[in-house]
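Chemist: fold the following for me, if possible:
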Amino acid sequence: MVLGEGTYGFGSPIGRLLIRTSRAGFGRKAGHDLTLEATRWTGEAVVVTGDPGKSSVTVTVETGSLTVREGTGGLKPLTDADRTEIKHLLKGEGLLHTAQHPVIVFRSTSVTGTPESFEITGDLTIKGRSHPVTVHGGGDGDGLVCGWATVTQSTWGIKPYSAFLGALRLADDVRIEYAVTGLEPLPGPGRSPERS
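Modeler: Sure, this is the predicted structure:
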């Protein structure tokens, strides 16, 4: 499938958006590397085939939808109580403060490359702060588009979780991974996107 000129929608449930954390500090053997998933998120891609630099992408993630999917490593397996505690911590003021900042938004400022291998640079807004991020990605020609970005939490005022007087802590950098299958054409003003 080749995307034609037009506007396309994506997000859950036709896509996955994961956040992968890693451990740091002397006590890292006691903790877990976490995989969180955003279960409610949407995106829109505007494809301009004649001038790809004019293409754009916007993604909105509901912060309250972040759910713990997996915890690897650690001295003990991750329990349901651990998952509940982590979700509560995510909502707190030190991390995402979901009550005051219910969404995370990415808006592209430039798109370069080809459908098979591209970079999207844009502004990522978390907790009311916007900073640039570069998203790497590509498509396989059969409808799968996937990629990744690295986000440094402290840049957005997020204090990485720590315990045992800092001996166990989450690394400041987290990896965002996404995969979308089957972008959905959205009607434009007076026309529909074309697929070829």
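Chemist: contacts only, for the residue lying closest to Pro115 once chain neighbours are set aside.
Modeler: Closest residue to Pro115 apart from its sequence neighbours, by Cβ to Cβ, 6 or more residues apart in numbering: Gly139 at 4.9 Å. (Glycine included, C-beta is placed from N, CA and C.) Gly139 makes contacts with 115-116, 145, as judged by Cβ atoms under 8 Å, 6 or more residues apart in numbering.
Chemist: low-confidence ranges, this structure, go.
Modeler: 1-3, 24-32, 74-75, 92-94, 161-169, 188-196 (pLDDT under 70).
Chemist: helices of that one, residue ranges please.
Modeler: 80-91 (DSSP state H).
Chemist: picking up where we left off before, neighbour-wise, which one of the contacts of Gly139 leads?
Modeler: Val145 (22 neighbours; other Cβ atoms under 10 Å).
Chemist: ok, back up a step: just the contacts of Gly139 now: which is nearest Arg20?
Modeler: The shortest approach to Arg20 among the contacts of Gly139 belongs to Val145, at 18.7 Å (Cβ to Cβ).
Chemist: distance check, that closest one against Thr152.
Modeler: Separation of Val145 from Thr152 (Cβ to Cβ, to the nearest Å): 25 Å.
Chemist: so can I have a markdown table of the contacts of Gly139 showing distance to Leu90?
Modeler: Listed next are the contacts of Gly139 as a markdown table, based on distance: Cβ to Cβ, whole Å:
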| residue | distance to Leu90 |
| --- | --- |
| Pro115 | 34 |
| Glu116 | 35 |
| Val145 | 27 |
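Chemist: now Ile104, nearest residue through space, not along the chain?
Modeler: In this structure, Ile104 finds its nearest non-sequential neighbour in Val61, 4.4 Å apart by Cβ to Cβ, 6+ apart.
Chemist: tell me what the residue nearest to Pro115 is bridged to.
Modeler: Here Gly139 sits in beta bridges with Val145, going by DSSP bridges.
Chemist: do the same with the one 10 residues further on
Modeler: Beta-bridge pairing of Ala149, defined through DSSP bridges, involves Ile176.
Chemist: hmm, it is touching Gly122, no?
Modeler: No: in this structure, Ala149 is not within contact of Gly122 by Cβ atoms under 8 Å, at 9.7 Å.
Chemist: nearest residue to Ser110 other than its sequence neighbours?
Modeler: Thr121 (4.8 Å).
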